[in-house]
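**Student:** my questions are about this predicted structure, shown below with the sequence.
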Amino acid sequence: MLDLIIPQVATPAVQPILWERRNNKTIPFRDGFNYTCIMKVIHLLSSNKLSGAENVVCQIIDLFRNDPNMNMVYVSRDGPIRETLSERKISFFPIDSMSIRALENVFQMEKPDIIHAHDMRASTFAALSCGKTKLISHIHNNAIDARELSMKSIAFLLAAYKAQHIYWVSKASLEDYRFYSLIKGKSSILSNVVNVEQLRGLADTALDAERFDIVFLGRLSYPKNPQRMINVLKEVLAVNVELTAAIIGTGEYENEIRQTIEKDELTERIRFKGYMQNPYGILRNAKVMLMTSRWEGLPMCALESLALGTPIVSTPTDGLVEIVKNGYNGFLSEDDSIIAKRLIEICSSESLRQSLSSHAETFSEEYNDIHIYRKTLISQYLKTMV
């Protein structure tokens, strides 16, 4: 029998999504592990919009969707993320603020076995409010202010002492952390992966599969450096007047970027697509994806691009260095002129594009193993419970 539970939140106006609780019983995990009761995991995030870390969490929850031993709930501030979670049928517990009081109410009400907190801010608040509940921290980027002595790096150090384990999305994100030597003993690398088969299926069913030569996919925010992206595109379009580009995503710099495009009279050649639930038709049909990030973790959009056979030209940032190999499945450079040159070469040479595309798909099929990813999480959850 399944008992439907409607969790209550501190703010009466906010209505959570229903989730299921099963009666406890002993059921073997599919992966060979055994557990004597239902394990409840709260995934805590500080953002209320869909971006890289939020996409990773949705994928984790989806990996355990059919597991009768696992009960996962997504917790964050309410906002645009609600629609995404509803579409993906993910249990959501919205909070009115990221505060100790709000989280104490959630944890007391939901009584999770494990709190899986994503990124440093959520991890810090979780550590201050979780009491005796087990905590796993999961860092998804390599923020510049975490590499130096700062409030962020110090606050996370306190959270790190509380956590039973810390996942880092890339070697660079771990080793660049200011207090790396103090927390490396309880840390490990958990690189992002994508479900290649599922992703290609989404591309097949995308309602919008418009063709562009170059695509940018990501938030128009400071870490992604969209101003640099526009400067590179302007250089490319000045050389080849027939090329087109698409920008998929929203963010705090959207109006600024739109105004720049309008001022330079490029609206016919650079198209804003905004937020798209399924951008994969456009991504697969593009000749190349452009990235100009200041910092990253291991971006999901890059893994998605390679899985769909779209090569990447990017700045050599953090986890991208691990997956983009010069001349094999894309190109990396810190020089804007070289980035522009590589984009033009790929768009102008069908043989080069096909070679990079074929290698991108081959790399992706070898790199992305969702079964190992899932087993790694299960193993750590069980170790944390001991």
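**Tutor:** Good, I have the coordinates. Keep in mind that what you see is a predicted model, and the values were worked out from it rather than measured.
**Student:** domain boundaries for this protein, per the record?
**Tutor:** In the assignment given by automatic domain parsing, the structural domains of the chain cover 2-193+369-385, 196-367.
**Student:** pick out the shakiest of the ones you listed, pLDDT-wise.
**Tutor:** When these are compared by mean pLDDT, domain 2-193+369-385 comes last with a mean of 85.
**Student:** kindly list the longest strand within this protein.
**Tutor:** strand 70-77 (DSSP state E).
**Student:** show me what it is packed up against.
**Tutor:** Counting contacts by 3 or more Cβ pairs under 8 Å, 6 or more residues apart in numbering; DSSP states H and E, strand 70-77 is packed against strand 19-22, strand 39-44, helix 52-63, strand 92-95. In this view, the C-beta of every residue, glycine as well, is placed from N, C-alpha and C.
**Student:** most tightly surrounded among these?
**Tutor:** Mean neighbours per residue, mean count of other Cβ atoms under 10 Å, is largest over these for strand 39-44, with a mean of 24.
**Student:** what strands line up against that one, and which way round?
**Tutor:** Strand 39-44 sits in its sheet next to strand 70-77 (parallel), strand 114-118 (parallel), going by DSSP bridges.
**Student:** for these, which one ends up most surrounded?
**Tutor:** It is strand 114-118: most buried of the strands paired with strand 39-44 by mean count of other Cβ under 10 Å, with a mean of 26.
**Student:** relative to helix 52-63, how tilted is that one?
**Tutor:** 150 degrees (axes from the mean of the first three to the mean of the last three Cα atoms, to 10 degrees).
**Student:** what sits up against the helix or strand following strand 114-118?
**Tutor:** The helix or strand immediately downstream of strand 114-118 is helix 120-129, counting by DSSP states H and E. Applying Cβ atoms under 8 Å, 6 or more residues apart in numbering, the contact partners of helix 120-129 are 44-46, 98-101, 103-104, 107, 115, 117, 135, 137-139, 143, 146, 152, 155-156, 158-163.
**Student:** and the longest helix along the chain, which residues are buried?
**Tutor:** Counting residues, the longest helix found in the chain (DSSP state H) is helix 350-367. Buried positions in helix 350-367, judged by neighbour count with 16 or more other Cβ atoms under 10 Å: 352-353, 355-357, 359-361, 363-364, 367.
**Student:** tabulate the residues you listed (TSV), appending distance to I312.
**Tutor:** Shown next, in TSV, are those (distance: Cβ to Cβ, whole Å):
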residue	distance to I312
L352	14
R353	12
S355	14
L356	9
S357	11
H359	11
A360	8
E361	13
F363	11
S364	11
Y367	13
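**Student:** picking that back up, now do the longest helix of the chain: distance to the chain's middle.
**Tutor:** 22 Å (Cα atoms, centre = their mean, to the nearest Å).
**Student:** can I get that helix in PDB, CA atoms only?
**Tutor:** Backbone C-alpha positions of helix 350-367 (Å, rounded to 0.1, in the frame of the first residue of the first chain) are rendered in PDB as follows:
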ATOM      1  CA  GLU A 350      32.100  19.900 -43.600                       C
ATOM      2  CA  SER A 351      34.900  17.300 -43.400                       C
ATOM      3  CA  LEU A 352      36.300  18.900 -40.200                       C
ATOM      4  CA  ARG A 353      32.800  19.200 -38.700                       C
ATOM      5  CA  GLN A 354      32.000  15.600 -39.400                       C
ATOM      6  CA  SER A 355      35.300  14.400 -37.900                       C
ATOM      7  CA  LEU A 356      34.800  16.400 -34.700                       C
ATOM      8  CA  SER A 357      31.200  15.300 -34.600                       C
ATOM      9  CA  SER A 358      32.000  11.600 -34.900                       C
ATOM     10  CA  HIS A 359      34.700  11.800 -32.300                       C
ATOM     11  CA  ALA A 360      32.300  13.700 -30.000                       C
ATOM     12  CA  GLU A 361      29.700  10.900 -30.100                       C
ATOM     13  CA  THR A 362      32.400   8.200 -29.600                       C
ATOM     14  CA  PHE A 363      33.800  10.000 -26.600                       C
ATOM     15  CA  SER A 364      30.400  10.500 -25.100                       C
ATOM     16  CA  GLU A 365      29.400   6.900 -25.400                       C
ATOM     17  CA  GLU A 366      32.600   5.800 -23.600                       C
ATOM     18  CA  TYR A 367      32.600   8.600 -21.000                       C
END
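**Student:** contacts only, for the closest residue in space to M229 that isn't next to it in sequence.
**Tutor:** The shortest distance from M229 to any non-neighbouring residue, by Cβ to Cβ, 6 or more residues apart in numbering, is to T292 (4.5 Å). By Cβ under 8 Å, 6+ apart, the residues touching T292 are 224-226, 228-229, 232, 314-315, 339.
**Student:** and T292, backbone torsions?
**Tutor:** Backbone geometry at T292, expressed as degrees, to the nearest 10, gives phi -130, psi 30.
**Student:** distance of it from D62?
**Tutor:** Here the criterion is Cβ to Cβ, to the nearest Å. By it, T292 lies 30 Å from D62.
**Student:** returning to what we had before: just the buried ones from the contacts of helix 120-129?
**Tutor:** Counted by 16+ other Cβ under 10 Å, the contacts of helix 120-129 give 44-46, 98, 103, 107, 115, 117, 135, 137-139, 143, 146, 152, 155-156, 159-160, 163 as buried.
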